[in-house]
Structures are given as C-alpha cells and as structure tokens.
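J.: predicted model, plus sequence, below.
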Amino acid sequence: MNGRERRPRRGKDGSLFRRELGWTPFYYLIYVFFVFVQPVLDHAKALEWIVTLVGFAAFLPCYIGVFQRWRPGAIWYAGALAILGMASLPFNSGTACYVIYAGSSLGFILSPAIALRSVGRCWVRSRWNFGC
C-alpha cells in the first residue's frame, strides 16, 4: 500500500460505515444523549449551549471518521474525539462521553490488548494530571 491509507469498503446501500460493521455505529450514538442532559438540567447559559452545540457538530464528523477509515486515519479521529471531550468538559460534564467514545473506538481500530493498554495509560495520566 506504500504507506497510504486503505480506502474503506462501503456497504452496497452506500452506507457511511465499513461494510463489516453494519448498523452497529448508529446504535452507539444513543449515548450522545448525555451531552444534552447537563445543559437542560442546569438551565445553561448561552455560552454553555454554544459550546455544547459546536462540540456536537465537531463530534459527528470525527465519530463517522473513526468507523469509515482504516487504522492510520481512524486513530487520529479517535484522538480528536478525546481532545474534544477534554476541551469541552469545563463547560459541560456530559461531554465526558466523547472521551468514552474515543476509548471504545480503539477496540474497533486496534487489537484488544493494545486498545486496553492505551485506555489504561490515558486513565493513569488523567488521574495524575488532575490529582485524583
């Protein structure tokens, strides 16, 4: 492949995701509901809603990119999901689910052992950085 990213095989119906995944990525989107719970319950101000909506608009292409791309590109999208979650966390605690999406997407991209080690390292670093 000369170091190039392999082109994803789409389904016969022209779906967004790789053929072998089927509808599974759509089912996981149910958890994005939690992003909107906190602003509703806290009667959020305009700034918090703007950050939430802009973050959600950035989340969708990254989420689709994780499942469309093969390994090299998908890892970058997973990293973008984690950064998006960490950056918007001070405004909306529900955006922690973006970090969860990033970690869980590693299971689709990497082998299970490597994915588990990667998530474990991130957890240890986050606990060290935040002093928990």
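T.: Arrived safely, thanks for sending.

J.: now the longest helix along the chain: how far from the chain's centre is it?
T.: Counting residues, the longest helix found in the chain (DSSP state H) is helix 46-68. Its chain's C-alpha centre lies 9 Å from the corresponding centre of helix 46-68 when counted by Cα atoms, centre = their mean, to the nearest Å.

J.: whichever helix or strand comes after it to helix 46-68, inter-axis angle?
T.: Later in the chain than helix 46-68, the nearest helix or strand by DSSP states H and E is helix 71-88. With axes from the mean of the first three to the mean of the last three Cα atoms, to 10 degrees defining the directions, helix 71-88 sits at 170 degrees from helix 46-68.

J.: returning to that earlier point: counting by contacts, list what the longest helix of the chain packs against.
T.: If you count contacts as 3 or more Cβ pairs under 8 Å, 6 or more residues apart in numbering; DSSP states H and E, helix 46-68 packs onto helix 24-28, helix 33-41, helix 71-88, helix 96-109. For glycine as for every other residue, the C-beta is placed from the backbone atoms N, C-alpha and C.

J.: what comes up buried for that helix?
T.: The neighbour-count check on helix 46-68 (16 or more other Cβ atoms under 10 Å) flags 48, 51-52, 55-56, 58-59, 62-63, 65-68 as buried.

J.: what's the closest of those to Leu106?
T.: Leu106 lies nearest to Val66 out of these, by Cβ to Cβ, at 9.1 Å.

J.: so what's the closest one up against?
T.: The contact partners of Val66, by Cβ atoms under 8 Å, 6 or more residues apart in numbering, come to Ala74, Tyr77, Ala78, Leu81, Tyr101, Ser105, Phe108, Ile109.

J.: hmm, 7 Å instead?
T.: Val66 makes contacts with Ala74, Tyr77, Ala78, Ser105, as judged by Cβ atoms under 7 Å, 6 or more residues apart in numbering.

J.: between those residues, which has the most around it?
T.: Ala78 (26 neighbours; other Cβ atoms under 10 Å).
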